[in-house]
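Trainee: this one's structure only:
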C-alpha cells in the first residue's frame, strides 16, 4: 500500500535478511547442513506465505506506489489457486515428490505470469515473491523422496467413470426437476451452460429465476472442483504405510541374541511396525500416527549396528514422508540424536529395583512388610504363572478386573507403552496373581522379560497393574514385593516398575522450558483420569533408582504434530466426547 509503516517493514525485513544470512546461506551452498525436515519446513512456509499473499492482494487496495494491480484471472480462480497451493504445501511438509513437482511448476508459472502480464514495477515485485521458493525447491530437491501410492489403473478408471456418470445423472435430473429457468432451456442450451460453468462462466442463453435454480447452476462449477481437489489432496499427502509386523520375528530374534532394555519387549506388541537396519542386525519398533513415526524405546540388536540405527531410522522416515520421533528412549540414543541436530526432553523416569541383596528390613520398608503380613493373615496367596496356562475361569477373572478398571476411567484403556490382558497372555510374559482362600482373584500384575545376551532373562518389567475395587486394599504392595522376592530366587538382577508417562521426580536441567510447561499441563489434565503422578509416587515405596527416559524430536516446530500423534498412539480408541469429558473434569 506504500504507507510509512510499509516502508519501515521493508527496511526491517531487509536488515533481518542481512543479519540472518550467515545461518541461511547453507541453504544455497552445495554442501549445506540443512536437514531434510528443515528444508521441507522452509519450502512449506514459503508456499503458505505465497497463498496468503494472493488473498491479501484481493482484500487491500489495488493501486499503490507500484502502479495498479492487474487482475489476470477472476477471484474464484484465485481462490482455487490458493486452495491448490495450500494442498501442495501439505504435500511438501510430508516430503512428497509429487508435491515438489507441483510446487516447482507453480513457482515457475508465477514468475512468468508476473513478468509477462503485469506492469514492470508490480511484475518485478510479484516475481520476487516466487523466486525464493523456486530457489529453495531446486536446492533442496533431494529432500522430497516420499512416493505416493497410485491406485491401480483399473481402479482409477472405474472410479473416474463412476464419478463422471454420477455427475451427468445429477445434471440431467437437475434440469428435469428444477423449473426455475427463463427461458426453459433445450438440450443444446443445457450442454452449452454446463461447459461454460465448468470454466466458471455462463452461456447467457437463460437465467435462473429462483433459489433452487441459482444453487443448481453454481453447483455445476463447484462439484468438479471439489472432486479435483479431493483427489489432489489424497495424492499429495498419501504416502506408503508400514507393513504391520513384517519384521516382528527378526526383532524377537535380535532380542533373544543380543538382549535389550527394560521396555524392549513392548516393541514386540502387534500394533507396532518394525524397522530393520541395512545390515539386518538392529531393529526399532514404531507406529505411524498423523504422519509421525513414533519409535518406542531404544534400538535393539548388535551394539555396533545400534550405534547408527537412529540415523538410518531418520532417513527411513524422511523417505516415506514421516516425522521421526523417539519416545521413552534412554541416554543410549542421545549421541545419535545430537548428531542429527534433534532436540530431546525428559518425559518420564524408569524406576529400577536391584534384586541382589534386596531385603524388606528396616523402618523404610514398613509399608511393604505390613502388606505382606496382612496378606498372610487374610490367606491371600501369590503365584507367578504364565496366564496362557491358567484355567479359563482364572483368565476370565483377570479380564473382568481389567475391564472394570477401564470402565471407571474417563477415557478408554491406553496403549503404546501400556499393555492389557491380551499382552499378558504372551507365553514369554509372567503374571503375578493374588488369590484368596475362596479362589477369588484380588489383583493381577504382568511382567515383561528383560533379555540379556544369549537369550538369558536378566530382569522383569512391570506392565499391567489391576486390583479388585472392593478387595484386599494393599494388594499392589503385596504383589510387587512378592514378585521381587520370586524373581530374586530365580536369579534375576533387576525389576523395573516402568515409567509413569508425564511424571518424574525432578526437572531435567537440559529440558526445554516450553516443552516442560506443555508436559506439565498434560500431566495435570490426565492426572484425575489415569493418576500417572500418583502412580509415580506409589513406586517410591520400593526405594528404586531412577533412570531418565526421553522424547527425541526434530525441533520445536514439530511438537504440535508430535503431540497429536502421541495422543493417537496412547488413546487409539478415544473419541472427541472422551477428550471433552476430561477437559470438563
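Mentor: Nice, I can see it. Remember, it's a predicted structure, so these values are computed and weren't measured experimentally. Numbering: from 1, shown residues only.
Trainee: Now do the strands in the stretch 51-200 of the chain.
Mentor: Taking DSSP state E, counting those that start in this stretch as the criterion, the stretch 51-200 of the chain carries its strands at 63-64, 67-68, 181-182.
Trainee: other SSEs contacting the last one?
Mentor: Packing contacts for strand 181-182, counted by 3 or more CB pairs under 8 Å, 6 or more residues apart in numbering; DSSP states H and E, involve strand 207-208. Glycine gets a C-beta too; all of them are placed from N, C-alpha and C.
Trainee: Low-confidence stretches in the stretch 51-200 of the chain?
Mentor: 60-77, 113-123, 147-156, 200 (pLDDT under 70).
Trainee: do that again at 90, thanks
Mentor: 51-103, 105-136, 138-164, 166-168, 171, 174-200 (pLDDT under 90).
Trainee: Which parts of the stretch 301-450 of the chain are strands?
Mentor: Applying DSSP E, counting those that start in this stretch to the stretch 301-450 of the chain gives strands spanning 323-329, 343-354, 381-385, 430-435, 441-451.
Trainee: Mean pLDDT lowest where, among those?
Mentor: The weakest mean pLDDT among those belongs to strand 343-354, with a mean of 89.
Trainee: and the angle from it to strand 323-329?
Mentor: Interaxial angle, strand 343-354 versus strand 323-329 (axes from the mean of the first three to the mean of the last three CA atoms, to 10 degrees): 30 degrees.
Trainee: can you tell me which residues contact residue 572?
Mentor: By CB atoms under 8 Å, 6 or more residues apart in numbering, the contact set of residue 572 is 271, 415.
Trainee: Which positions within stretch 386-403 qualify as buried?
Mentor: Within stretch 386-403, the residues scored as buried using 16 or more other CB atoms under 10 Å are 387, 390, 394-395, 397-399, 401-402.
Trainee: Identify, from those, the entry nearest to residue 218.
Mentor: Distance to residue 218 across the buried residues of stretch 386-403 (CB to CB) is lowest for residue 402, with 55.0 Å.
Trainee: neighbouring contacts of stretch 545-555?
Mentor: Contacts of stretch 545-555 with the rest of the structure, by CB under 8 Å, 6+ apart, involve 35, 37-38, 310, 323-331, 333-334, 337, 340-354, 499, 504-505, 508, 559, 562.
Trainee: can you do 7 Å?
Mentor: Outside stretch 545-555, the residues within contact range by CB atoms under 7 Å, 6 or more residues apart in numbering are 37, 323-330, 333-334, 337, 342-352, 499, 505, 508, 559, 562.
Trainee: show me the contacts for residue 427.
Mentor: Contact partners of residue 427, counting by CB under 7 Å, 6+ apart, are 386, 388.
Trainee: 10 Å instead, please
Mentor: By CB atoms under 10 Å, 6 or more residues apart in numbering, the residues touching residue 427 are 386-389.
Trainee: Would you reformat these as JSON lines and include pLDDT and distance to residue 19?
Mentor: Formatted as JSON lines, these follow (pLDDT from 0 to 100; distance: CB to CB, whole Å):
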{"residue": "386", "pLDDT": "95", "distance to residue 19": "65"}
{"residue": "387", "pLDDT": "94", "distance to residue 19": "64"}
{"residue": "388", "pLDDT": "92", "distance to residue 19": "65"}
{"residue": "389", "pLDDT": "94", "distance to residue 19": "69"}
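Trainee: from the residues you listed, which is closest to residue 372?
Mentor: residue 387 (23.0 Å).
Trainee: Buried among the contacts of stretch 545-555? Need that as a selection in ChimeraX.
Mentor: To isolate the buried subset of these in ChimeraX, counting by 16+ other CB under 10 Å, use the following:
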select :37,323,324,325,326,327,328,329,330,333,334,337,342,343,344,345,346,347,348,349,350,351,352,499,508,559,562
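Trainee: For the closest residue to residue 347 other than its chain neighbours, name its beta-bridge partners.
Mentor: The spatially closest residue to residue 347, leaving aside those adjacent along the chain, is residue 551, at 4.6 Å (CB to CB, 6 or more residues apart in numbering). Taking DSSP bridges, one obtains residue 327, residue 345 as the residues bridged to residue 551.
Trainee: Distance of residue 551 relative to residue 541?
Mentor: Going from residue 551 to residue 541 by CB to CB, to the nearest Å gives 27 Å.
Trainee: the more surrounded of these two?
Mentor: residue 551 (21 against 18; other CB atoms under 10 Å).
Trainee: State the distance from residue 109 to residue 85.
Mentor: According to CB to CB, residue 109 stands 11 Å off from residue 85.
Trainee: sorry, back to before: in helices only, show me the contacts of residue 427.
Mentor: Judged by DSSP state H, these include no members of helices.
Trainee: Could you work out the most separated pair of these?
Mentor: Greatest spatial distance among these (CB to CB): 387 and 389, at 7.3 Å.
Trainee: hey, what's in contact with both of the two?
Mentor: Any residue near both residue 387 and residue 389 by CB under 10 Å, 6+ apart counts here, and that gives 395, 425, 427, 431.
Trainee: for stretch 391-407, what is the average pLDDT?
Mentor: The predicted model gives stretch 391-407 an average pLDDT of 84.
Trainee: Please tell me how far that stretch is from the chain's geometric centre.
Mentor: Centroid separation for stretch 391-407 versus its chain: 31 Å, with CA atoms, centre = their mean, to the nearest Å.
Trainee: same deal with stretch 181-191?
Mentor: Offset of stretch 181-191 from its chain centre (CA atoms, centre = their mean): 52 Å.
Trainee: cool, stretch 348-363 as well?
Mentor: Relative to its parent chain, stretch 348-363 has a centroid offset of 36 Å by CA atoms, centre = their mean.
Trainee: How far does it stretch from one end to the other?
Mentor: 28 Å (CA to CA, to the nearest Å).
Trainee: Kind regards, and thank you for your time.
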